[in-house]
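Novice: Structure for this input, please:
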Amino acid sequence: MFVDYAEIYIKAGDGGDGAVSFRREKYIPNGGPDGGDGGAGGNVVFVADTGLRTLMDFRYKKKYIAEKGENGSGRNKSGRGGEDLIVKVPVGTIVKDKETGRIIADISRPGQREIIARGGRGGAGNQHFATPTRQVPNFARKGSPGQELTAILELKLIADVGLLGFPNAGKSTLLSMVSSARPKIANYPFTTLSPNLGVVSMGEGESFVMADIPGLVEGAHEGAGLGHKFLRHVERTRLLIHVVDVAETDGRDAVSDVDVINRELEMYNPELAKRPQLIAANKIDALYETEKLEKFKAEMEKRGYRVFAISAATGQGVDELMRYTYELLKTLPEVVIFEPDQDVGSGVKEEPPFTIRRENNVYVVEGPWVTKLLGSVNLNDRESLQYFQRAVRNMGVIEALAEKGIREGDTVRMGEIEFDYIP
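Specialist: The predicted model follows:
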């Protein structure tokens, strides 16, 4: 199973304490202070390892604690610094602070090193506190604690092209046809449960990476699919190929399928809906009414999409699609990488995504995330309402309301919307 999400506890090493000590030698009975400094605590450092493909290891080990710094000692001896804790992660891992939701690091290059939590400073020994009027300082400074946090790890596939489409539209078949990837293929709704990557070779030194993105709308139109869990994998792709069953073998409507998936993209992240997108009108080998293809093609081209009629099963039209894709990729910029936010522990906190307060026995949920969510939801639309309900639960609003003591039937207000709380 492809694991792309993990939650772990990270603790950098505490700094060692400074020492309280005085020089005591046979012929120097009243020597001055000579307490050494404590050593710095070790950092927690993430390193991108190209040999890793999943976050599976983080399911079994949940705590990562760096070494403490040693305490200082007499004769001005400083304590040894704690060793850094090196944690290997797959290329494409994004690290977030669970408490604030802010991005700490985007680990997108092989060998990239990022300090996720910094070790505490060593405390100063009493030698530093001597003054002309205080010649016998009987105190030293303790080491500062290392930074700690609960971190969320998300692995985003780094692929040039992402394949979108309803289950059984032919994404896996297309990927297996154009690359050495061998995804499991079967005719049932939840065919692909993990992202499959394939390298498409266009000749010596000419290739690109394509990902079959699973679970985009498996049952999402019925409120029962994997939904947005896998949408994060689309965010790094520069180009999307929308695979559509133009033969409508499952009794679906091809135009409607395009609309539903693009609506999911828009709801998840409006920027994704602006990503360049090609339409692969698949299963033309099973098409007995050419008028259906021409009608679909005309509608898509009217919307500004380039349409390629293909059969992933027989290979018809696939070479033309891949060649055009490769040439188009040459003209597209790299996806902008997330800029890490301020260092953890800097004391600068982002505004929380939402807050909850009581007003006349009504629980009011408000904040920047709420405003953004309500601006993208049409509560008169069944699919949009289901998205709203999932988003509220996934963001932790229901859990937060329970912590506030809400009871079943109590009223909740979000913007202009009011509804009864049902756990």
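
Novice: where's Val45 relative to Ile10, distance?
Specialist: Counting by C-beta to C-beta, to the nearest Å, the gap from Val45 to Ile10 is 11 Å. Bear in mind the C-beta positions are built from the backbone N, C-alpha and C, glycine included.

Novice: and if you look at Phe419?
Specialist: Distance of Phe419 to Ile10, given as C-beta to C-beta: 38 Å.

Novice: Which of these two has more residues huddled nearby?
Specialist: For Phe419 and Ile10, the more surrounded residue by other C-beta atoms under 10 Å is Ile10, and the numbers stand at 24 against 12.

Novice: Tell me the helix or strand right after the helix or strand encompassing Arg413.
Specialist: Using DSSP states H and E, Arg413 sits in strand 411-414. Where DSSP H and E defines the elements, the next helix or strand beyond strand 411-414 is strand 417-420.

Novice: pLDDT averaged over the top helix by length along the chain - what is it?
Specialist: In the chain, with assignment by DSSP state H, the single longest helix is helix 254-268. For helix 254-268, the mean per-residue pLDDT is 86.

Novice: Can you tell me which helices and strands that helix packs against?
Specialist: Contact partners of helix 254-268 among helices and strands, from 3 or more C-beta pairs under 8 Å, 6 or more residues apart in numbering; DSSP states H and E: strand 239-245, helix 270-273, helix 290-302, helix 382-394.

Novice: In the sheet, which strands lie alongside the very next helix or strand once past the shortest one, parallel or antiparallel?
Specialist: Next in sequence after helix 270-273, counting helices and strands by DSSP H and E, comes strand 277-282. For strand 277-282, the paired strands and their directions (DSSP bridges) read strand 239-245 (parallel), strand 306-309 (parallel).

Novice: give the contact list for Ile86.
Specialist: Residues in contact with Ile86 (C-beta atoms under 8 Å, 6 or more residues apart in numbering) are 45, 47.

Novice: Tell me, what's the model's pLDDT at it?
Specialist: For Ile86, pLDDT reads 97.

Novice: ok, now the one 5 residues further on?
Specialist: pLDDT recorded at Val91 is 86.

Novice: doesn't Thr54 make contact with it?
Specialist: No. Shown here, Val91 and Thr54 do not form a contact pair, counting by C-beta atoms under 8 Å, at 11.8 Å.

Novice: more crowded one of those two?
Specialist: Per other C-beta under 10 Å, whichever of Val91 and Thr54 has more neighbours is Val91, with 20 against 15.

Novice: State the phi and psi torsions of the more buried one.
Specialist: The phi/psi pair for Val91 (degrees, to the nearest 10) reads phi -60, psi 130.

Novice: do Asp57 as well
Specialist: phi -60, psi -30.
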